[in-house]
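K.L.:
Okay, sequence plus prediction incoming.
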Amino acid sequence: MRVTPKEYHVRQVDYMIRSAVETDARTLSEIRVQIDGETENLDRESGEAFIDEVGFKQLIKEDTENARNLFLVAEVNGRTVGFSRCEGNKLKRTAHKVEFGVCVLKAYWGLGIGKNLLKESIQWADANGIKKMILSVLETNEKAIQLYQNNGFEVEGLLKNDKQLSDGKYYHTILMGRCRY
């Protein structure tokens, strides 16, 4: 599904959030690898579960055609600096929900890009009859947890010792959900 592009101005930086299009595929493939290498907050290390340009083109096509999916990108001066996805499914018992995920290049943290990708996704979900949004977040990502809580998400569960980070220690994954019934 597509949304109307929206512009933001934060701390002298202008950026736009818009629906992904197939011409974004190459850049998305490249920045996903970069973002994965900039933080341990995500599931992958740099280069793991690599999606090439063709793979991103297919994702964008499927997300555009599916009313239960949304693929957004954030652009600063025409450069893609982050993206988010909401992915639903067609199974009758779970068709009411979507899973949300987001990532932003570290150089652009603190500009509200992740927050605004989330807010645009919530607005889309609410406008399209999505009753529940779910996500997972690493226990150490306190800013993200607070952001999600401030936007109506609640802790629904905990996956204990779910991820091993570079320090060799295991960390919990927090499962969060936002319901609109």
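P.N.:
Yep, it's here.
K.L.:
going forward, measure contacts between C-alpha atoms and count neighbours the same way
P.N.:
OK.
K.L.:
Just the buried positions in the helix or strand hosting residue 26, please.
P.N.:
According to DSSP states H and E, residue 26 maps onto helix 25-38. For helix 25-38, a neighbour-count test (16 or more other C-alpha atoms under 10 Å) marks 25, 26, 28, 29, 31, 32, 33, 34, 35, 36, 37, 38 as buried.
K.L.:
contacting residues around the fourth one?
P.N.:
Spelled out, that is residue 29. Contact analysis of residue 29 by C-alpha atoms under 8 Å, 6 or more residues apart in numbering lists 50, 51, 52, 53, 56.
K.L.:
again, only this time at 10 Å
P.N.:
47, 50, 51, 52, 53, 54, 55, 56, 57 (C-alpha atoms under 10 Å, 6 or more residues apart in numbering).
K.L.:
For ChimeraX, write the selection for the buried entries among those.
P.N.:
Selection of buried members from those for ChimeraX, criterion 16+ other C-alpha under 10 Å:
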select :51,53,56,57
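K.L.:
what's the host helix or strand of residue 8 packed up against?
P.N.:
Applying DSSP H and E as the criterion places residue 8 in strand 6-10. In terms of contacts (3 or more C-alpha pairs under 10 Å, 6 or more residues apart in numbering; DSSP states H and E), strand 6-10 is packed against strand 13-19, strand 70-76, helix 113-127.
K.L.:
about what we covered before: pick the one among the contacts of residue 29 closest to residue 81.
P.N.:
residue 56 (15.6 Å; C-alpha to C-alpha).
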